[in-house]
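Colleague: Quick one, fold the following:
(one chain, ligands or ions: 1)
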Amino acid sequence: MSHFGDRLIEEGRRKRTALVVGLDPDLRFIPEAIRQGADPETGEGAEEAIFAFNRVVIDAVAEHVVAVKPQLAYYEIYGASGITALERTIRYARSKGLLVLNDAKRGDIGPTSAAYARAFLGDGPIAGDMVTVNPFLGSDGYMPFIETAEAAGKGVFVLLKTSNPSSGELQDLKLDGGGMLYMKLAEELERLAARSIGLHGYSCVGAVVGGTYPEEARAIRTALKSAIFLVPGYGAQGGSADSLRPFFDARGEGAIVSSSRAILYAYRNVGEHWSSLSEAEISRAIGEEASRAKDAINAVRGLRSQ
Ligand SMILES: O=C(O)c1cc(=O)[nH]c(=O)n1[C@@H]1O[C@H](COP(=O)(O)O)[C@@H](O)[C@H]1O
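Modeller: Residues are numbered from 1 along each chain as shown. Next comes the predicted model:
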């Protein structure tokens, strides 16, 4: 079975990018040319509008990204039609040769986590190549995802030091033996990652480390050498490219940086008439922002733009 860590590193080398674009479609911000009257409140027409928007985004960013990252919340709002839009989005992303990272942040008791792992890492209609996992329930909550990923040649990103302002309330709790909770989890993840390290030194077990916490990332990078970092918080949450160096290894690899709103809604920078833009104008704005983000991240990685 191929090591997923190798697959992700090689995809990044092949496309000279470490960017992931999040597919967090908010119907309120989708211009009329694509929304076609879909109603954000009632969900009327949501499936078509969400899929149409995601297809424009995927076409615009495909050459600039290592993967796309659907955020389950924006699909679950609309129940079955939202999930159908997700299924169609995953199929379309796959047809463009893209890796799919479902940002589901799942975690439960063992048997339920095993069912979630089958849903997101198996062969079902919403399964992708990677999934985010919430480790709050401890090892019997996240191990079913890691075991499923190892067997399926897929990847898992475990929430470790999240990008949000209140992450420290729990993640930074000081432990009796000294050190903080997130560092204790980082050491445990390194132990688990070491079970499945590929040719390039990385495992199918990854970790989520917010781009808003570069100092913490520096310490985590040292303790967690075998895990690829998923780095959200760049762009809309204030994480800047300049602060991203500590997330990468000495080769400028080992992390993928995600951005959703800053890229998805780049066309809103034109002013309040954004809702009447044409599909071509929408696509161009999104593609240009993704290209800019890719180049800014590559500069920090020590890669010159092509
Ligand atoms: O797992 C995630 O992707 C995630 C972890 C984290 O610590 N912070 C975080 O923002 N995210 C997700 O990453 C995306 C960030 O969106 P933007 O702030 O618009 O780039 C959202 O879908 C969040 O749910």
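Colleague: pLDDT below threshold where in this structure?
Modeller: Low-confidence regions of the chain, defined by pLDDT under 70, span residues 1-2, 305-306.
Colleague: what residues does it put near the ligand?
Modeller: Taking CB under 6 Å from any ligand atom as the contact definition, the chain meets the ligand at 22, 24, 71, 103, 105, 132, 162-164, 208, 210, 232-233, 235-237, 258-261. All C-beta atoms are positioned from the backbone trio N, CA, C, and that covers glycine.
Colleague: are any of these buried, and which?
Modeller: With burial judged by 16 or more other CB atoms under 10 Å, the buried subset of these is 22, 24, 71, 103, 105, 132, 162-163, 208, 210, 232-233, 235-237, 258-260.
Colleague: Filter the residues of the chain next to the ligand down to just the ones in helices.
Modeller: Arg261 (DSSP state H).
Colleague: still on that earlier bit, in strands only, show me the buried ones among the residues of the chain next to the ligand.
Modeller: Gly22, Asp103, Lys105, Thr132, Val208, Ser258, Ser259 (DSSP state E).
Colleague: Surely the fifth one touches Leu160?
Modeller: Yes: between Val208 and Leu160 there is a contact at 5.7 Å, judged by CB atoms under 8 Å.
Colleague: how about the strands in this structure?
Modeller: 19-23, 67-70, 99-106, 130-133, 155-161, 205-209, 229-231, 255-259.
Colleague: what's the distance between the longest one and the middle of its chain?
Modeller: On the basis of CA atoms, centre = their mean, to the nearest Å, strand 99-106 is displaced by 7 Å from the centre of the chain it belongs to.
Colleague: Can you pull out the residues in contact with it?
Modeller: The contact list for strand 99-106, computed with CB atoms under 8 Å, 6 or more residues apart in numbering, reads 7-8, 11, 20, 22, 66-72, 90, 93-94, 113, 116, 120, 126-134, 145, 155, 157, 159, 230.
Colleague: Please indicate which of these are buried?
Modeller: 7-8, 11, 20, 22, 66-72, 90, 93, 113, 116, 120, 126-134, 145, 155, 157, 159, 230.
Colleague: Residue for residue, what is the longest helix this protein has?
Modeller: helix 279-301.
Colleague: got the contact list for that one?
Modeller: With CB under 8 Å, 6+ apart, helix 279-301 has contacts from 16-19, 21, 31, 33-34, 56-57, 59-61, 64-65, 234-235, 241-242, 244-245, 248, 252-253, 257, 259, 262-264, 266-267, 269-270, 277, 304-305.
Colleague: switch the cut-off to 6 Å
Modeller: 17-19, 21, 31, 33, 56-57, 60-61, 64, 241, 244-245, 248, 252, 257, 259, 263, 266-267, 305 (CB atoms under 6 Å, 6 or more residues apart in numbering).
Colleague: just stretch 28-48 next, same as before
Modeller: With CB under 6 Å, 6+ apart, stretch 28-48 has contacts from 27, 49, 52-53, 78, 81, 84-85, 265, 275, 277-279, 282.
Colleague: Contacts for stretch 153-168, please.
Modeller: 1-2, 4, 121, 129-130, 132-135, 142, 145-146, 149, 171, 182, 185, 189, 204-210, 212-213, 216, 230, 232-233, 237.
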